[in-house]
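Undergrad: sequence first, then the predicted structure:
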Amino acid sequence: MNALLTNYGSSNSSPAPLIMQSKQEFVATVEEERKEEGMFLTWEDLQVTVPNGRKGRKPILKGLTGYAQPGKLLAIMGPSGCGKSTLLDALAGRLGSNIKQTGKILINGLKQELAYGTSGYVTQDDAMLSCLTAGETLYYSAELQFPKSMSITEKKERADATLREMGLQDAINTRVGGWSCKGLSGGQKRRLSICIEILTHPRLLFLDEPTSGLDSAASFHVMTGIASLILKDGIQRTIVASIHQPSSQVFQLFHHLCLLSSGETVYFGPASHANQFFSSNGFPCPPLYNPSDHYLRIINKDFDQDVDEGITTEEATNILVSSYKSSEYRNHVQNEIAKITVNLIDL
Ligand SMILES: Nc1ncnc2c1ncn2[C@@H]1O[C@H](COP(=O)(O)OP(=O)(O)O)[C@@H](O)[C@H]1O
Ligand SMILES: [Mg+2]
């Protein structure tokens with residue numbers, strides 16, 4: 001099919017007149033329109049394996065399907081070792097060379113590499129020089145990340161504005177510090193790491209456990225800062241964050257939840273509907289209980305305990321995994337992916 005009759009347009013605009021376009025032109029138009037809309041990320045049947053000595057390969061992610069969309073915060077949760085970091089690495093195209101990946105990861109409906117500056121990745125460990133102050137760290141980073149054509153004053157202004165966004169203006173002259181000298185607190189370091197990645201205003205942001213090691217108040221500060229980026233300066237951003245054990249306040253900031261156990265999806269859907277999914281499968285969250293504590297207790301198979309009379313965590317997880325596979329939530333995910341990808345690749 002070389003020429004296409006199209007009236008593609010974003011859902012809130014009136015249909016464009018029908019025009020003859022080549023396939024390349026059509027794809028370019030859709031790409032351009034979607035760039036303005038933001039970044040849609042979809043993954044289907046994502047499988048990741050690692051070498052396992054002489055025994056061949058060990059599966060880490062076992063056929064995950066999901067999506068992340070602009071203006072929404074997707075939280076990836078699950079017990080330690082369930083594959084959260086591996087999923088983030090796969091989505092961001094950062095898997096190690098000995099790791100094999102199959103499945104389809106699409107950006108705005110197309111198979112493409114993440115272009116420089118369009119995405120940011122905040123890793124679990126803060127990699128910063130202990131002898132620099134918070135301000136210096138970000139100024140140097142601005143110097144490296146922004147183009148040469150941008151003036152030094154403008155770079156400094158962008159760095160200062162970013163420090164303010166993350167509430168670090170009072171720590172601007174404090175050293176990062178490390179094991180030998182005390183400097184920024186754990187929460188401030190995490191926020192500085194986030195500043196470095198959001199300096200260029202990427203539309204897609206990956207964060208690996210941005211609150212690890214923080215107390216609940218600091219976690220809430222960091223997560224509200226992250227949630228505020230979803231819609232800033234009129235741009236809708238797509239945020240995917242793995243998070244270990246959020247407080248109930250932090251949990252309320254999530255739009256979508258991807259709950260994993262041993263590399264399998266236990267639940268993918270609106271964070272606010274997870275409770276109903278667990279209840280309908282016989283595991284209601286007890287009153288006055290933090291919902292995320294409840295979900296993680298049910299699906300943590302590391303310590304094979306009873307979650308209910310006679311039901312082990314292993315059995316409970318299996319019930320939830322198989323129930324999710326045939327649930328309306330799973331169908332909804334497939335429908336959303338179909339809408340996002342609009343068969344561009346099949347044309
Ligand atoms: N490169 C690797 N080689 C071997 N095993 C790995 C590798 N990367 C991850 N794993 C294993 O995969 C599982 C998931 O790891 P990870 O994604 O880091 O989990 P999480 O972030 O949820 O704690 C763990 O059991 C880990 O030991
Ligand atoms: Mg991890």
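TA: Noted; the coordinates are in hand. Ligands and ions are numbered 1, 2, ... in the order given.
Undergrad: what sits closest to the closest residue to ligand 1 within the stretch 101-250 of the chain if chain neighbours are left out?
TA: Here the residue of the stretch 101-250 of the chain nearest ligand 1 is S242; by Cβ to the nearest ligand atom that distance is 6.2 Å. C-beta: built from backbone N, CA, C; applies to glycine. What sits nearest to S242 in space, not counting adjacent residues and going by Cβ to Cβ, 6 or more residues apart in numbering, is K84, at 3.8 Å.
Undergrad: now the host helix or strand of T49: buried residues?
TA: Assessed by DSSP states H and E, T49 sits inside strand 41-51. For strand 41-51, burial by neighbour count (16 or more other Cβ atoms under 10 Å) applies to 41-44, 46-49.
Undergrad: so who does the residue nearest to S242 touch?
TA: By Cβ atoms under 8 Å, 6 or more residues apart in numbering, the residues touching K84 are 76-78, 208-209, 242, 260.
Undergrad: same check on L64?
TA: By Cβ under 8 Å, 6+ apart, the residues touching L64 are 43, 45-47, 87, 103, 258, 260, 263-265.
Undergrad: so the nearest residue to H332 once chain neighbours are set aside versus G103, what's the distance?
TA: With sequence-adjacent residues excluded and distances taken as Cβ to Cβ, 6+ apart, H332 is closest to G269, at 6.8 Å. Distance, G269 to G103, by Cβ to Cβ, to the nearest Å: 20 Å.
Undergrad: pLDDT below threshold where in the chain?
TA: Residues of the chain meeting the criterion pLDDT under 70: 1-24, 26-37, 114-117, 303-309, 343-347.
Undergrad: middle-most residue in it, spatially?
TA: Among the residues of the chain, the one closest to the centroid is V240, at 1.2 Å (Cα atoms, centre = their mean).
Undergrad: do I have it right that that one meets P210?
TA: No - V240 is not in contact with P210 according to Cβ atoms under 8 Å; the separation is 11.1 Å.
Undergrad: residue numbers of the stretch 51-200 of the chain in contact with ligand 2?
TA: For the stretch 51-200 of the chain, the residues in contact with ligand 2 (Cβ under 5 Å from the ion) are 84-85.
Undergrad: give me that answer again for 6 Å
TA: Contacts of the stretch 51-200 of the chain with ligand 2, taken as Cβ under 6 Å from the ion, map to 84-85, 124.
Undergrad: all good on my end, thank you.
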